[in-house]
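Engineer: model this:
(4 chains)
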Amino acid sequence: MSQHDHDGSHAHSHFVPPAKAYWGVFGGLLFLTVVTVAVSRVDLGPFNMLVAMGVATVKALLVGLIFMQLRWDEKLNGTVFGFGLIFVALFFIFTLADIFSRGYVDPVTDNHYLARDQVRALEKDVEKARGGVKYEVGRPSDELPPNEVAPPAPPPAPATEGAAPGSEGAAPAPEGAAPADGAAPAPEGAAPADGAAPAQP
Amino acid sequence: MSTVVRHEHAHHFESAEQEFSAAKMGMWLFLVTEILLFSGIFVAYTVFKNLYPEMWSEASKQLDWKLGAVNTVVLITSSFTMAMAVRAAQTNERGENKGKIVGLLAATILLAGAFLVVKYFEYSHKLHVGTLPGEHYFFPGIQAANAHIFFGIYFLATGLHGIHVVIGMSILFWVLLRARKGHFYNQYYTPVELGGLYWHLVDLIWIYLFPLLYLV
Amino acid sequence: MSSPNGGGFWMPPQASTVAAEVDSLFDFILYLNYFFFALITVLAIYFAMKYRRRRADQEAAGQLDHSMKLEWTWTVIPSLFLFVLFVWGFRLFLDMSTPPADALEVRVIAKKWDWRFEYANGAKTYGELIVPEKQAVKLVMASEDVLHSFFVPDFRVKQDVVPGRYTTLWFEALAPGTHQVFCTEYCGTKHSGMLATVTVLPPDEFKKRYDSGFEDPNAPKDPVAAGQQLFTQRGCMACHSVDGTKGVGPTLKGIWDAEEKMADGSSVKVDDNYIRESLMDPNAKLVAGFGPVMPSFKGQLDDQQVNDLIAFIKSLK
Amino acid sequence: MSASNSDTHAHAHGGNYFEAARGLKSWLITLDHKRIGVMYLFWVIAAFLFGGLLALGVRLELWAPGETIMSADTYNRFFTLHGLVMVFLFIIPGIPAALGNFVLPLQLGAKDVAFPRLNLLSFYIYVVGTCMALYSTIAGGVDTGWTFYTPYSATTGGSVVMMTLSAFILGFSSILTGLNFIVTVHKMRAPGMSWYRMPLLIWALYATSIIQVMATPVLGITLLLLAMERALGIGIFDPALGGDPVLFQHFFWFYSHPAVYIMILPGMGVVSELIATFSRKRIFGYRSIAFSSLAIAIISFLVWGHHMFVSGQSVYAGMIFSFLTFLVAIPSAIKVFNWTATLYQGSISMQTPMIWAFSFLILFTIGGLTGLFLGTLGTDVHLHDTYFVVAHFHYVMMGGTVMAFFGGVHYWWPKIFGRMYNEALAKISAVLVFVGFNVTFFTQFVLGTRGMPRRYYNYLPEFETLHKVSTMGVLIIGLGVTIMVLYLAKSLLSGEKAVANPWGAKTLEWTHAASPPVLHNFDETPVVEEPPYHYPAPGEESRPTKVPA
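Structural biologist: So this is what the prediction gives:
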């Protein structure tokens, strides 16, 4: 912690980086922008996002360390910035920890299924059971049937069309196609299956 | 040879050095709050990109990545001219660099203006085509449901960033006026440096926004 | 509220399998609280009296200002207690959020200010969940508008009902009885009126009523009385009054055959078609001065029930 | 000591900061942290009284089931406004901005905070935010609860957008105060004052400022998103448009849980000062209290999910948050044990500030302990969103922060205004508030465990007697607070003059500054040679404190 000094001297002992450093960073940033665009052309699957973020972080470090003179500055300002990034990371980690672990606990085997892979598996099964009719599970659905999907029994009761007030499709209309056993039906989801845009008010 | 206006440090500081390091730390704390402000949008982006993966890439294709790239280059250049302006102030002994400072600041502000002009074209194109947030969305071209969420986040992110560009321009204009009066020299250049830090942050945020929105 | 057993000064009666363990965990924390509270308060008051400042210039009797041994003990011991709480709490929570495979599934639909229960055989009950005793019941819940929360104090279970997705809750009632259901997530004007009851029946009686689709045996045959029962059961009285006072919706007193002025300036004579249409598509013709907040009852009222309601409205002079 | 020429303050040798400049204009454009602190103090107390009246309205309505004095909608607006006023207008700016602004530079031996202009800007942002909040109350009112949960807040009527923008603006006032304090503590300590010679109030305010700076921006973006939700319908939080309401709860509680530590940490700082001063004893475990403040500040960012155990959050996220919640309970427990240990072998005088400190100690202990029920997953399912939660957070916020705030006001009153108050009346009002508080809120614990849900306008007859008892308690609190306001007002007008160090305290604002202090706080910058709260051990002679005339 910088104890303020008593000499009250007016000289700023700050190191002034050479102009060459700025030109170098400027060139580096332009080059990396080209790299970012080029890499985004190549489809690397999930790695696309990783690489894009990696390149952006390198650019950010260049700007931060040299343009913003963090490298030659008091260590305190760097730690302040670091703390800020730590708290941003906390925000990301815990929120996504919840969003992605919203699978369900399978009653029989008591182990936990992540929502993502289960949704894809279910959609294929239901489509197969329905003879190819496209089926899309609604938004962050919570309860999903366990692995085997019984062919949807003909809806015993008239498919209750619980149309909601206000914008259409708010109510998940409980599909008659609920698999018979204990698990909850795949929710129709708020947006109707046909993916139409929300009704214009 | 224009002279330089001597700077007197404020009464409650012991020395100019203490005043300078306090101002700098204060600025860095403020930059952290800006980053946390934008972090909310980045978390929303990540959540909805993973909830609607197909819609996300489909909607992102509606954005013109070339304009995005141009804007990135514009902002990087303005960040460069800003850094050079700060350097000019730091090495300004008796006012000989004043012209350079004013010129570089003016260049930065002009580049910022160019960024906003490009943004204006992008927005007006979207208004025309219909890729707008929420209830105003009427673009027929996307099959996936809820594409309006992508454009909601797009307009939020670039809109908030745009507002910060405008704020940055007005700060730099104020710094430019003071530079013309010869306030900045190697013993006192705090406003130029703090304006520079703010501007570099605005560029930093765009460096992340560009790949996330345009190239996904 | 017939209560088989359990409950005491703090807790309501224990009416579900999980209630007993929740109460024992609660009691464990309670005794922990009594102990630590007594420790702090007695020590503080004792020190305050023993070391009372008698003379104005009296200095402290000692300046002990740290002791690692003491500080470690009062860090480690509470941490152990806390870890026990965490493990016990989490194990219990896992049981409470994992419905057994053979649970009877009932779908719960919450909407602004009342509950609807739909059973596997398509039977529907309003404001009353009927379940068999000693069998796990799994509620699959969804909301039609805003957040609600299904809370049965006697069963110690609660789960928010989130629109746009399903959340689940399960319990197993110990003995026949009726238990109060509350909505515990703020949902607007009648949040405090959004009540329901859980009726636990012996298995055979439940079977009989379940197969009969829960027709209320002593349902009034006369249309006006049946209409009135529907009027209260389906939550119409939450917004429409019958005594002339203006509520969230227009009053229905003397509305039959009257000319109602619509929001768009036109006026409509209140007759069968207008009431049927307002039930099925409420936003079609809005009465002037009222918002489009009425939920639609399409698919929830069969023709007989609509006629009963109309008969009841006719009787409101 | 020559005031530098570019300084706008009139130089006044010998006169205190009241006499340094006269007239309304000198108050409106003051850059003096003491005047800004005083202005905040009056606004914050006014906000507390307004919030208290709202609470009285809520309790009177709950006197009996059914409609007692207001309709359901009015009741919903009453409890929402009670929440918003108490949280954003009273308890968050309360100790940091009102007492902190006045005391922090004095305790650090500095002439002012690092950025006086930002300090004044922070005050005016607070004023604008307050006016917007009051305007939105008149222009349609808000009935969403102070938590603004979507989709209700996104679809209901009333001026929700205006209220969210006022909370958004009030957030900046909090950020600026936090930013100012962090830089002041780092850069402007008196010579000789190392980090371990700082008073514990400064540690607490420093930890609070970290939370203010790091958490409040997320509240800003959350409220901005909510405003966009209502204005453009972007559908991030509204499930009808494809959003996820639980995501809003994540956003909201990421700020709001650290915010409850913004509320309690300054209170802990004040209590550390009071207990040390009124037992004339070195604080027990100075470093463990200081580090537990920082620990609370950091860990408070990891635990917000315990507000959402039954909200549809996943089982595993619930587990993580429950474990971390117990982690944050430990530093608070350490502090309480240290305060109690400080009383050992002290010379304890039960003057008014100490009575408030004792009621803090007792009530905060209950508040903290009852938090264990809500942190444990098993019991939280039953107790969530019932009156048990209402009682818990009132025990921590009112039993904790408000008691500490009143203790601080009475402790620094002579230093701020240079006048003493009527000790007998002060003791009576403190006891009345303590008794009234317990009558009001202990009954709510019982209501909660028996299943009485929160935010209920109408309730079942079986809960009536407890509600009646709780409402009577509020009247006792009201009486206590009225007496306090009266004798404090009288003390302003005709209280007897206060000496520089009436309590024999060891911190700089008492030992080196007059009551009320001069414009630049100290005649010459104090030099710190001894550790904090360095009361003499038996046999040691006590060092005479150098106090200006």
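
Engineer: from here on, just use CA atoms for contacts and neighbour counts.
Structural biologist: Noted.

Engineer: and B:Lys24, how far is that from D:Leu179?
Structural biologist: Between B:Lys24 and D:Leu179 the computed distance is 12 Å (Cα to Cα, to the nearest Å).

Engineer: those two: which has the busier surroundings?
Structural biologist: Using other Cα atoms under 10 Å in any protein chain shown, the more surrounded residue of B:Lys24 and D:Leu179 is D:Leu179, with 27 against 21.

Engineer: next up, identify which helix or strand that one is on.
Structural biologist: helix D:160-187 (DSSP states H and E).

Engineer: for that helix, the distance to its chain's centre please.
Structural biologist: Helix D:160-187 sits 14 Å away from the centroid of its parent chain (Cα atoms, centre = their mean, to the nearest Å).

Engineer: residues touching D:Arg218, list them.
Structural biologist: Rather than Arg, residue D:218 is Val. Residues near D:Val218 by Cα atoms under 8 Å, 6 or more residues apart in numbering or on different chains: B:Leu36, B:Leu37, B:Ser39, B:Gly40, D:Phe251, D:Phe252, D:Phe254, D:Tyr255.

Engineer: tabulate those (JSON lines), appending pLDDT and neighbour count.
Structural biologist: Shown next, in JSON lines, are the contacts of D:Val218 (pLDDT from 0 to 100; neighbours: other Cα atoms under 10 Å in any protein chain shown):
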{"residue": "B:Leu36", "pLDDT": "95", "neighbour count": "27"}
{"residue": "B:Leu37", "pLDDT": "95", "neighbour count": "23"}
{"residue": "B:Ser39", "pLDDT": "95", "neighbour count": "22"}
{"residue": "B:Gly40", "pLDDT": "94", "neighbour count": "22"}
{"residue": "D:Phe251", "pLDDT": "95", "neighbour count": "22"}
{"residue": "D:Phe252", "pLDDT": "95", "neighbour count": "21"}
{"residue": "D:Phe254", "pLDDT": "95", "neighbour count": "26"}
{"residue": "D:Tyr255", "pLDDT": "94", "neighbour count": "24"}
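
Engineer: so which of these belong to helices?
Structural biologist: B:Leu36, B:Leu37, B:Ser39, B:Gly40, D:Phe251, D:Phe252, D:Phe254, D:Tyr255 (DSSP state H).

Engineer: of those residues, list those near chain A.
Structural biologist: Filtering these for proximity to chain A (criterion: Cα under 8 Å from any Cα of the partner chain) leaves B:Leu36, B:Ser39, D:Phe254.

Engineer: for the residue of the stretch 51-200 of chain D found nearest chain B, what is the enclosing helix or strand?
Structural biologist: Nearest residue of the stretch 51-200 of chain D to chain B: D:Lys111, at 5.2 Å (Cα to the nearest Cα). For D:Lys111, there is no helix or strand it lies in under DSSP H and E.

Engineer: all strands for chain C, in order.
Structural biologist: In chain C, the strands defined using DSSP state E lie at C:104-111, C:114-119, C:124-126, C:128-132, C:136-143, C:148-152, C:157-161, C:167-172, C:177-183, C:196-201, C:259-261, C:267-269.

Engineer: closest one to B:Ala144 among those?
Structural biologist: Closest to B:Ala144 of the strands of chain C, according to Cα to Cα: strand C:136-143, at 23.8 Å.

Engineer: how much space separates the closest residue to chain D within chain B from B:Ala147?
Structural biologist: Distances between chain B and chain D by Cα to the nearest Cα are smallest at B:Gly134, namely 4.0 Å. Here B:Gly134 is placed at a distance of 9 Å from B:Ala147 (Cα to Cα).

Engineer: for D:Lys497, same thing?
Structural biologist: In this view, D:Lys497 and B:Ala147 are 70 Å apart by Cα to Cα.

Engineer: does the lowest-mean-pLDDT helix or strand in chain B reach chain D?
Structural biologist: Least confident helix or strand, chain B: helix B:53-60 with a mean of 88, by mean pLDDT, DSSP states H and E. No. Figure legend: helix B:53-60 not in contact with chain D (Cα under 8 Å from any Cα); closest approach 12.0 Å.

Engineer: residue contacts, the residue nearest to B:Asn186 when sequence neighbours are not counted?
Structural biologist: Spatial nearest neighbour of B:Asn186, chain neighbours left out: B:Gln90 (4.5 Å); criterion: Cα to Cα, 6 or more residues apart in numbering or on different chains. Residues in contact with B:Gln90 (Cα under 8 Å, 6+ apart) are A:Val16, B:Tyr185, B:Asn186, B:Gln187, B:Tyr189.

Engineer: give me that answer again for 10 Å
Structural biologist: Going by Cα atoms under 10 Å, 6 or more residues apart in numbering or on different chains, B:Gln90 touches A:12, A:14-17, B:84, B:97, B:101, B:184-190, B:192-193.

Engineer: burial count for the residue of the stretch 201-350 of chain D at minimum distance from chain B?
Structural biologist: Residue of the stretch 201-350 of chain D nearest chain B, by Cα to the nearest Cα: D:Ile234 (4.0 Å). A count of nearby residues for D:Ile234, using other Cα under 10 Å, gives 31.

Engineer: and D:Leu425, by the same measure?
Structural biologist: Neighbours of D:Leu425 (other Cα under 10 Å): 16.

Engineer: so it touches D:Leu479, yeah?
Structural biologist: No. With contact defined as Cα atoms under 10 Å, D:Leu425 does not count as touching D:Leu479 (11.9 Å).

Engineer: out of the ones next to chain A among the ones in helices among the contacts of D:Val218, who's nearest chain C?
Structural biologist: D:Phe254 (19.4 Å).

Engineer: who are the contact partners of that closest one?
Structural biologist: D:Phe254 neighbours (Cα under 10 Å, 6+ apart): A:90-91, A:94-95, D:215-216, D:218-219, D:222, D:248, D:300-305.

Engineer: of those, select the buried ones using a PyMOL command.
Structural biologist: Applying 16 or more other Cα atoms under 10 Å in any protein chain shown to those leaves a buried subset, and the PyMOL line that selects it is:
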select buried, (chain A and resi 91+94+95) or (chain D and resi 215+216+218+219+222+248+300+301+302+303+304+305)
